[in-house]
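Peer 1: Attaching a predicted model along with its sequence, questions to come.
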Amino acid sequence: KNKGVEIVLNTRNFYGKDFKWETNFNISINRNKVLKLNDKQDIAYSSLQWIAEGRDLYSWHMRKWAGVDPANGDPLWEKVEKDANGKETVTTTNAYDDATLQYVGTASPDFTGGITNRFSYKGISLSAFFNFVSGNKVYEESTNDGSEPAYNARVLKNGRSRWQKPGDVATDPKAVYGGNKNSDLESSRFLEDGSYIRLRNVTLAYDLPAGILQRMHLGNVRIFLSGDNLWTLT
């Protein structure tokens, strides 16, 4: 089941004889839910995304990352156990195979949209188009912690840190030649916020005046400079 709303707003912010400024804005919100599956059985349509009743169609399903052990730099994942009454107990484990597969977010955004501003003065016009996405999770395996020593590894992003000594509160586990307890395998460690705003297009144009066009026996001539994907904020 899909349901949502889209809002489109077109405005004339200033509309003088020579100078004009117009804006087009749109935003879309969509929600989906899987209503029924055969025998209520989840469907694994990839190693990372499963389809389940009552959930978003694009749900991430994997081991849930629990951080780094400050004592020794080991990777940690969540381990969920249920007692006879169905009560859940959540602990952490440094054994990848003991960690519990669970749903950890969706690839569906909370909302998407765009905004275009157009300015014109006589025959000169300037337009800028931004689009944006918010709330989706994307999967990007960004480090191997030494499991692939023959290949280059990325420098950690700003705000991330590598465990070096006991007591370190780090975002990434100790680097070990050959790998650190499967820390580079699929888990929510590599899920990132996919939100962004992007300057998709800027166009500067000049339309030749009607008098010149008549003498050239032309209906319309536009000279323009256009650039795509000029800036992105994530």
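Peer 2: Here it is on my side, so go on.

Peer 1: how far away is the residue nearest the centre of the chain from residue 86?
Peer 2: Centroid check for the chain by C-alpha atoms, centre = their mean gives residue 194 as the closest residue, at 1.3 Å. To residue 86, residue 194 is 34 Å away according to C-beta to C-beta, to the nearest Å. Every residue, glycine included, has its C-beta placed from N, CA and C.

Peer 1: now swap in residue 51 and tell me
Peer 2: Applying C-beta to C-beta, one obtains 24 Å for the distance of residue 51 from residue 86.

Peer 1: and those two? which has more neighbours close in?
Peer 2: Neighbour count, other C-beta atoms under 10 Å: between residue 51 and residue 86, residue 51 has more, with 17 against 6.

Peer 1: Which strands and helices lie in contact with whichever helix or strand residue 127 is part of?
Peer 2: Per DSSP states H and E, residue 127 falls inside strand 124-134. If contacts are counted by 3 or more C-beta pairs under 8 Å, 6 or more residues apart in numbering; DSSP states H and E, strand 124-134 sits against strand 111-121, strand 196-207.

Peer 1: Would you mind listing the outside residues contacting the first one?
Peer 2: Same thing as strand 111-121. Residues outside strand 111-121 that contact it (C-beta atoms under 8 Å, 6 or more residues apart in numbering): 18-29, 125-135, 200.

Peer 1: Within the sheet, what are the partner strands of that strand, with directions?
Peer 2: Here strand 111-121 has these sheet partners by DSSP bridges: strand 19-32 (antiparallel), strand 124-134 (antiparallel).

Peer 1: Around residue 77, count how many other residues there are.
Peer 2: Close neighbours of residue 77, defined as other C-beta under 10 Å, add up to 27.

Peer 1: Check what pLDDT residue 220 gets.
Peer 2: As predicted, residue 220 sits at a pLDDT of 89.

Peer 1: That one reaches residue 207, doesn't it?
Peer 2: Yes. Using C-beta atoms under 8 Å, residue 220 is in contact with residue 207, at 7.0 Å.

Peer 1: right, so the strands paired with strand 111-121: which one is the most enclosed?
Peer 2: Neighbour counts (mean count of other C-beta atoms under 10 Å) averaged over each of the strands paired with strand 111-121 peak at strand 124-134, with a mean of 16.

Peer 1: so for that one, what's the average pLDDT?
Peer 2: For strand 124-134, the per-residue pLDDT averages 98.

Peer 1: residues touching the residue lying closest to residue 105 once chain neighbours are set aside, list them.
Peer 2: Nearest residue to residue 105, sequence neighbours excluded (C-beta to C-beta, 6 or more residues apart in numbering): residue 137, at 4.4 Å. Residue 137 makes contacts with 60, 104, 105, 106, 107, 191, 192, 193, 194, as judged by C-beta under 8 Å, 6+ apart.
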